[in-house]
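**Student:** need the 3D shape of this:
(one chain, ligands or ions: 1)
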Amino acid sequence: MPETIKRSEEDWKKILSRDQYLVLRQKGTEPAFTGKYYNSKEKGIYLCAACKQELFSSESKYDSGTGWPSFTKPISEDRIVRREDNSHFMKRTEILCSRCGSHLGHVFDDGPAPTGERFCMNSISLDFKKEE
Ligand code: FE
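**Tutor:** Here you go, the predicted structure:
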């Protein structure tokens, strides 16, 4: 299992930008079609913007048309935590980074084969490491 990072919310506020903090630590959602990665087709690895754990490969990224970067699966299941989320009068499954507990987005069951899952992430929760 990856190492767990625990920081106080005061520390996260110092480390993250205000917009990052609102999504990563307060479970906000960036507006669709505004993030920097939804349209990206570059090859590489997407990291947690808060703790830099490697989360998703560009190989599992696809164009969902939703305006958020979408993936069929994480690099491995232990990189993420799935949690039931009943906020906003919806029944959804929230996705958190397993290392630092930051909010990444949600997973839905309308994704393409082979997993049938759509990991709908916030661009602002991710960093990108380009394949060299
Ligand atoms: Fe993290």
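
**Student:** give me the most central residue, the protein.
**Tutor:** Nearest to the centroid of the C-alpha atoms of the chain, with distances taken as C-alpha atoms, centre = their mean, sits residue 104, at 3.2 Å.

**Student:** hang on, that one in a helix?
**Tutor:** No - counting by DSSP: H, G, I helix; E, B strand; the rest coil, residue 104 is not found in a helix; it is strand.

**Student:** from what I can see it touches residue 124, true?
**Tutor:** No - counting by C-beta atoms under 8 Å, residue 104 sits too far from residue 124 to count as a contact (10.0 Å). C-beta: built from backbone N, CA, C; applies to glycine.

**Student:** what do the two both touch?
**Tutor:** Residues within reach of residue 104 and of residue 124 at once, by C-beta atoms under 8 Å, 6 or more residues apart in numbering, are residue 24.

**Student:** residues of this structure that sit close to the ion?
**Tutor:** Selection of the chain residues close to the ion by C-beta under 5 Å from the ion yields 48, 50-51, 53, 97, 99-100, 102.

**Student:** tell me the SS of residue 20?
**Tutor:** At residue 20 the chain is in helix, as set by three-state DSSP.

**Student:** near it, how many other residues are there?
**Tutor:** Taking other C-beta atoms under 10 Å as the criterion, the count of residues near residue 20 is 20.

**Student:** the one 3 residues further on now?
**Tutor:** Around residue 23 there are 23 other residues, counting by other C-beta under 10 Å.

**Student:** tell me which helix or strand it sits in.
**Tutor:** In this structure, residue 23 is located in helix 18-24 according to DSSP states H and E.

**Student:** quick check: next helix or strand after that helix?
**Tutor:** From helix 18-24 onward toward the C-terminus, using DSSP H and E, the following helix or strand is strand 44-48.
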